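Colleague: Any chance you can model this:
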Amino acid sequence: MKTLTTIKTCDEQEFIQHSRVMAKLIDQKRELPEQSYIMFGDPADLLRLLRPKNRFLFRVIKDHPGSIDAIAERLQRSRNAVQRDINELKRLGIVEITRCSAPDDAGIEEVHLTALKFKLEADLI
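Modeller: Model (predicted):
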């Protein structure tokens with residue numbers, strides 16, 4: 001698990017510069033930093049991520065990681081709606097879904113955040 005993920009807006013040049021730094025570290029087989037970034041070129045995309053239902057979903061996953069069914073029940077939302085939102089967060093690298101290894105939990109998947117802390121940086125204009 002990462003210690004910090006920064007979610008931010010950036011321009012194309014900043015994104016390219018960051019990507020080059022990361023690619024160089026990978027090419028040199030050096031350790032990657034514990035901090036990661038999720039970058040948005042359009043502030044509107046970042047604002048969509050921060051809509052109220054997602055902020056509440058973040059909090060529930062942070063405080064009570066668990067199955068999609070358990071999270072949906074806690075949120076009092078349909079499983080399909082929660083699954084859709086979790087899939088989007090997974091695509092962005094904010095959550096991960098792991099399969100339980102305990103014999104009595106066969107087949108159950110648990111949703112967890114990918115970082116201990118998330119930081120927001122945004123230039124809206």
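Colleague: now residue 124: how far from residue 16?
Modeller: 22 Å (Cβ to Cβ, to the nearest Å). Every residue, glycine included, has its C-beta placed from N, CA and C.
Colleague: Show me which of the two is the more surrounded one.
Modeller: Higher neighbour count among residue 124 and residue 16: residue 16, with 11 against 8, using other Cβ atoms under 10 Å.
Colleague: where does that one land on pLDDT?
Modeller: pLDDT, residue 16: 94.
Colleague: CA atoms only for the helix or strand harbouring it, dumped as CSV, please.
Modeller: Assigned by DSSP states H and E, residue 16 falls within helix 12-27. Taking Å, rounded to 0.1, in the frame of the first residue of the first chain, the C-alpha atoms of helix 12-27 are listed here in CSV:
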residue,chain,number,x,y,z
GLU,A,12,0.1,18.2,-20.5
GLN,A,13,3.7,19.3,-19.9
GLU,A,14,3.7,18.4,-16.2
PHE,A,15,2.1,15.0,-17.0
ILE,A,16,4.8,14.3,-19.6
GLN,A,17,7.6,15.4,-17.2
HIS,A,18,6.3,13.2,-14.4
SER,A,19,5.9,10.2,-16.8
ARG,A,20,9.5,10.6,-18.0
VAL,A,21,10.8,10.6,-14.4
MET,A,22,8.9,7.5,-13.6
ALA,A,23,9.9,5.8,-16.8
LYS,A,24,13.6,6.5,-16.1
LEU,A,25,13.3,5.0,-12.6
ILE,A,26,11.7,1.9,-14.1
ASP,A,27,14.4,1.6,-16.9
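Colleague: got the contact list for that helix?
Modeller: Residues outside helix 12-27 that contact it (Cβ atoms under 8 Å, 6 or more residues apart in numbering): 10, 31, 32, 37, 39, 41.
Colleague: same thing but at 6 Å, please
Modeller: Under the contact criterion Cβ atoms under 6 Å, 6 or more residues apart in numbering, helix 12-27 has outside partners 32, 39.
Colleague: and it, how far out from the chain's middle?
Modeller: Taking Cα atoms, centre = their mean, to the nearest Å, the mean C-alpha location of helix 12-27 is offset from the chain mean by 20 Å.
Colleague: And the next helix or strand past it?
Modeller: Beyond helix 12-27 toward the C-terminal end (DSSP H and E), the next one is strand 35-40.
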